[in-house]
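1. got a predicted structure here, sequence first:
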Amino acid sequence: MQKLSTAVAGVAFIVLGTICVEPVQAALIDFNFSTTNGATGTFTLNTNTPPSPEPAIFRPDVTGVAYLGAVSNFSISAPYVNLSNVTADFDVVPSVSSDLIGFPMNLGVLSGVSYPPGCITSSSLTCLFDVALFYSGKQTELPILSENPLSYSRGVGIDFFDPTTNELLIRDNITNLKVVSKQVPESNSGLSILVSAIGVVGLLIKRNLNTKRYAQ
């Protein structure tokens, strides 16, 4: 009886300990923007995306960190392009600070969304457009991206290119940018395990009581 009770307690302890271990949730950030020329768009950034071994290429002499496929649900409605729920890349250029491109100092370094996927690491510079933002997360922590929405809260603009010649066709300034953490439903796996644990412990206790009655 004592050994079985100890075993029951052990099972309960082990299972209850197990449910405290939750799978890592993706750190997602939602973006919503509008521009001078009337473009509107939304996208979601997964900040847990690992950096690409290949650098992001903005110009032959300017490279950064690429996060391939980090952007999902990218949609834009603009006079020059319309897309709905596509995947894109994200990139950060630590060497290009805000003051180097005509903005006040200390706003952050250049970053943004590049489409189509894979274009930002291509030496032939085949991106159709970039949605530029300032990244103000800690540069010492790169290539790990910040999970804080405030690190992405300053918009720059949309550069729309001729994908064949890489000629800049349109520069559309971002006038409004909203950035918030995406609410991810918590996993109910822990609750399921707890219910199973209670069932197992209950069966063991019932079996123990039945054995005791039979022995009497």
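-> Great, that's in hand.
2. C-alpha only now, for contacts and for neighbours.
-> Will do.
3. bridged to F134, which residues?
-> Beta bridges link F134 to L110, R154, judged by DSSP bridges.
4. residue contacts, it?
-> F134 makes contact with 98, 107-112, 151-156 under the criterion CA atoms under 8 Å, 6 or more residues apart in numbering.
5. swap the cut-off to 6 Å and go again
-> By CA atoms under 6 Å, 6 or more residues apart in numbering, F134 lies in contact with 108-111, 154.
6. and for P94?
-> Contacts of P94 by CA under 6 Å, 6+ apart are V109.
7. quick check: phi and psi on the most centrally placed residue in the chain?
-> Nearest to the mean C-alpha position of the chain, by CA atoms, centre = their mean, lies N46 at 1.0 Å. With angles defined as degrees, to the nearest 10, N46 sits at phi -90, psi 100.
8. sorry, back to before: so can I have JSON lines of the contacts of F134 showing distance to K178?
-> Below are the contacts of F134 laid out as JSON lines (distance: CA to CA, whole Å):
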{"residue": "G108", "distance to K178": "17"}
{"residue": "V109", "distance to K178": "18"}
{"residue": "L110", "distance to K178": "18"}
{"residue": "S111", "distance to K178": "16"}
{"residue": "R154", "distance to K178": "9"}
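9. make CSV out of those residues and add pLDDT, distance to G102 and neighbour count.
-> Listed next are the contacts of F134 as CSV, based on pLDDT from 0 to 100; distance: CA to CA, whole Å; neighbours: other CA atoms under 10 Å:
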residue, pLDDT, distance to G102, neighbour count
G108, 97, 12, 23
V109, 98, 12, 22
L110, 97, 12, 23
S111, 98, 15, 26
R154, 96, 14, 20
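10. looking at these, spot the one nearest F33.
-> R154 (10.5 Å; CA to CA).
11. tell me which stretches of this structure form strands.
-> Ranges of strands in the chain, per DSSP state E, are 28-35, 40-46, 56-59, 62-77, 82-97, 109-115, 129-135, 154-161, 168-181.
12. to S146, which of these lies closest?
-> When the strands of the chain are ranked by proximity to S146 (CA to CA), strand 129-135 comes first, at 9.0 Å.
13. L45 reaches I29, doesn't it?
-> Yes: using CA atoms under 6 Å, L45 is in contact with I29, at 5.2 Å.
14. who's more crowded, these two?
-> The neighbour count for L45 versus I29, taken as other CA atoms under 10 Å, is higher for L45 (26 against 20).
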